[in-house]
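>>> Show me the folded form of this:
(one chain, ligands or ions: 1)
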Amino acid sequence: MPPQNVATLSPGKGKQEIELPIVSGNEGPDVVDIRSLYAQSGMFTYDPGFVSTASCKSAITFIDGDKGVLLYRGYPIEQLATRCDFMEVSYLLLNGELPTPDQKAKFVDNIKNHTMLHEQLIKFLSGFRRDAHPMAVMVGVVGALSAFYHDAMDVSDAQHREQSAFRLIAKLPTITAIAYKYNIGQPFIYPHNDLGFTENFLHMMFATPAEQYTPNPVIVRALDRILILHADHEQNASTSTVRLAGSSGANPFACISAGITCLWGPAHGGANEACLNMLEQIGDVSRINEYIARAKDKNDPFRLMGFGHRVYKNFDPRATLMRETCHEVLDELGLHNDRLFKLALELEKIALEDDYFITKKLYPNVDFYSGIVQRALGIPTSMFTAIFATARTVGWVAQWNEMISDPEQKIGRPRQLYVGAPRRDVP
Ligand code: CMC
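Numbering: from 1, shown residues only. Sure thing, here's the model as predicted:
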């Protein structure tokens with residue numbers, strides 16, 4: 001009998017059995033450590049989309065998709081979203097513990113020190129077309145930060161990594177806001193360091209030189225919650241992209257820019273924009289059944305955007321909180337009769353009662369509601385994914401830093417199952 005913490009693999013007739021260690025984490029499924037598999041058997045594993053593969057060890061975020069649990073550093077998202085602000089959650093993700101009041105004040109100060117952009121970077125931005133998608137601008141401008149901060153880009157130096165983390169977290173709202181202002185042809189609004197992180201973000205988006213902007217506290221709280229709910233999400237596609245880019249020793253600005261690129265896709269962070277566009281396309285409650293039928297049709301590529309998740313198979317706890325915020329904001333702004341919101345609620349009801357969605361465990365995800373909230377806040381649809389990227393930057397940076405500090409870290413280099421032509425000679 002093999003010891004209990006070992007998995008035995010029979011690689012085929014006549015071949016010797018292989019023992020692979022089973023490793024337990026603090027929560028979640030055990031993993032079979034297959035690092036010696038190739039050396040022992042000459043075989044690789046095959047797992048497109050990483051459906052059964054843990055790509056790293058991590059102590060940052062835990063998800064139990066069957067139970068609808070999301071923990072940042074052990075704390076349930078429901079508690080963080082209702083009792084903390086985005087700065088506290090950012091400190092927690094980066095440092096592992098919630099800050100004391102002094103630690104928070106110092107952290108907020110550090111972030112405020114870095115909110116401005118180099119003026120030359122603003123000139124770089126003005127090379128974009130006015131109608132450029134904000135995510136295109138973000139990919140370019142965040143990557144371009146690496147041309148400005150040569151003083152702190154030694155990724156093996158923990159202080160340099162911390163400095164880059166502050167710069168990225170502080171500058172993302174400024175970059176997002178100027179991408180918006182550039183798009184609508186308004187002058188850029190400089191950061192105002194007397195304001196809190198989220199208020200300042202709204203100020204840079206909505207103030208003009210001609211008019212002060214005094215944000216409604218309900219709106220500040222709603223945006224802060226959007227930032228908290230999107231701050232990290234374990235080894236999702238964009239985070240894995242950041243880790244893979246960083247595994248070669250690439251600088252943090254280039255890595256976060258790679259993460260933004262991946263997030264942009266409609267199956268990932270682009271879903272909030274795609275969801276709002278879908279609601280506009282459906283247009284009226286009377287057409288919901290037509291679209292549900294399309295989503296179920298195997299020959300039609302149409303999917304209900306904002307539904308389904310690779311990990312959550314019961315409910316998305318972020319969606320529950322975002323739904324609550326949605327009601328709060330629409331009530332506060334007197335928009336509960338909003339056409340798209342009513343349509344979304346009806347679509348949600350019909351889909352949740354439909355056998356196809358029930359058997360495939362497809363539930364509304366966070367992005368089903370976040371678009372409606374952002375629209376009510378006056379944020380244009382094309383900006384939704386940029387707001388997501390601004391929030392996720394802290395998670396990307398925390399995960400990148402964890403990877404660099406991990407002594408087991410190696411350059412990411414997946415293998416493949418080759419199905420092309422065997423060796424042949426040129427005629
Ligand atoms: N509408 C209709 N059918 C769907 C949907 C949907 N939104 N999502 C999945 N399915 C079906 C899919 O066709 C497949 O059917 P079958 O088993 O018959 O082939 C089955 O459900 C499983 O889907 P999958 O594509 O194998 O699942 P996945 O885990 O690879 O994909 C997903 C997860 C989120 C990419 C997918 O559900 C999807 O495309 N949803 C819409 C986009 C969306 O809302 N994305 C935001 C995710 S949350 C924000 C974030 O964290 O990025």
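>>> For the ligand, what's the nearest residue on the chain?
Going by C-beta to the nearest ligand atom, the ligand is nearest to residue 308 of the chain, at 2.3 Å. Quick note: C-beta positions are derived from backbone N, CA and C, even for glycine.
>>> Surely that residue and residue 366 touch.
No. Residue 308 lies out of contact with residue 366 (C-beta atoms under 8 Å); the separation is 11.9 Å.
>>> picking up where we left off before, how about the residue of the chain closest to the ligand, nearest residue that isn't a chain neighbour?
Nearest non-adjacent residue to residue 308, counting by C-beta to C-beta, 6 or more residues apart in numbering: residue 362, 4.3 Å away.
>>> I'd say that neighbour and residue 348 touch.
No. Counting by C-beta under 8 Å, residue 348 is not a contact partner of residue 362; they are 11.3 Å apart.
>>> Quick check: residues of the protein near the ligand?
Residues of the chain lying close to the ligand (C-beta under 6 Å from any ligand atom) are 233, 236, 267-269, 271, 295, 303-310, 360, 362, 365-367.
>>> Could you tell me which of those residues are located in helices?
Among these, the residues falling in helices (DSSP state H) are 271, 295, 366, 367.
>>> ok, back up a step: show the backbone phi and psi for the residue nearest to residue 308.
Main-chain dihedrals, residue 362, degrees, to the nearest 10: phi -100, psi 110.
>>> Neighbours of it, how many?
Neighbourhood size, residue 362 [other C-beta atoms under 10 Å]: 20.
>>> Now do the same contact list for it.
304, 307, 308, 351, 356 (C-beta atoms under 8 Å, 6 or more residues apart in numbering).
>>> any idea which of those is least confident?
Lowest pLDDT among those: residue 351, with 89.
>>> out of the ones in helices among the residues of the chain next to the ligand, which is most surrounded?
residue 367 (30 neighbours).
>>> Quick check: pLDDT value at that one.
87.
>>> Could you pull out the helices in the stretch 51-200 of the chain for me?
Under the criterion DSSP state H, counting those that start in this stretch, helices of the stretch 51-200 of the chain are mapped to 77-83, 86-95, 101-112, 119-125, 134-144, 158-184, 197-206.
>>> Against which helices or strands is the second one packed?
Using 3 or more C-beta pairs under 8 Å, 6 or more residues apart in numbering; DSSP states H and E, the elements in contact with helix 86-95 are strand 69-72, helix 101-112, helix 197-206, helix 217-229, helix 384-405.
>>> what does that helix contact?
Contacts with helix 86-95, where a contact means C-beta under 8 Å, 6+ apart, come from 60-61, 72-73, 75, 80, 84, 98-99, 103-104, 107-108, 111, 165, 169, 196-198, 224, 227-228, 231-232, 391, 394-395, 397-398, 401.
>>> Cool, thanks, signing off.
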